[in-house]
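S.K.: Need coordinates for the below:
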Amino acid sequence: SAHRPLKDIDKSIQISITLCSAYLIFFLAQYTLQISGVLACCGAGLMLAWLAPPIILSHESMHTVWSIVEWMGNTLIFLLAGLIIGHRTLGHVNGVDWGYLIVLYLSLMSIRAIVIAIC
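M.R.: Next up, the predicted model:
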């Protein structure tokens, strides 16, 4: 029933609800209402942070799951950016550029070795 006390198994349900609501709010705002989905998610996050703490069973679990989602999103964005930019610029790299790259790498490794030896 809807009025039963929250139990330990409800943690996964709460986490699933927050994940699904984030995606649902984004797509409803972006494609149905034609407003910014990012701003809608920010607003939903503010409301969740304001109203949800008394009913969240495990703040640590919620934080852990959202930290993993954040890490995966950041990794995916930077991976795709690197692949796209690398694909576009690799054709414009000359042999001299590779030489500069090797010299720069060896210089940085030498500086690193010196700093490690000194400290």
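
S.K.: how near is the residue nearest in space to the middle of the chain to S12?
M.R.: Centroid-nearest residue in the chain: E70, 2.7 Å away (criterion: Cα atoms, centre = their mean). Distance, E70 to S12, using Cβ to Cβ, to the nearest Å: 19 Å. From N, CA and C alone the C-beta is placed, and that goes for glycine too.

S.K.: chain center to whichever strand or helix holds the residue nearest to the centre of the chain, what's the gap?
M.R.: Assigned by DSSP states H and E, E70 falls within helix 59-89. A distance of 4 Å separates the centroid of the chain from that of helix 59-89, by Cα atoms, centre = their mean, to the nearest Å.

S.K.: In it, which residues are buried?
M.R.: Within helix 59-89, the residues scored as buried using 16 or more other Cβ atoms under 10 Å are 62, 65.
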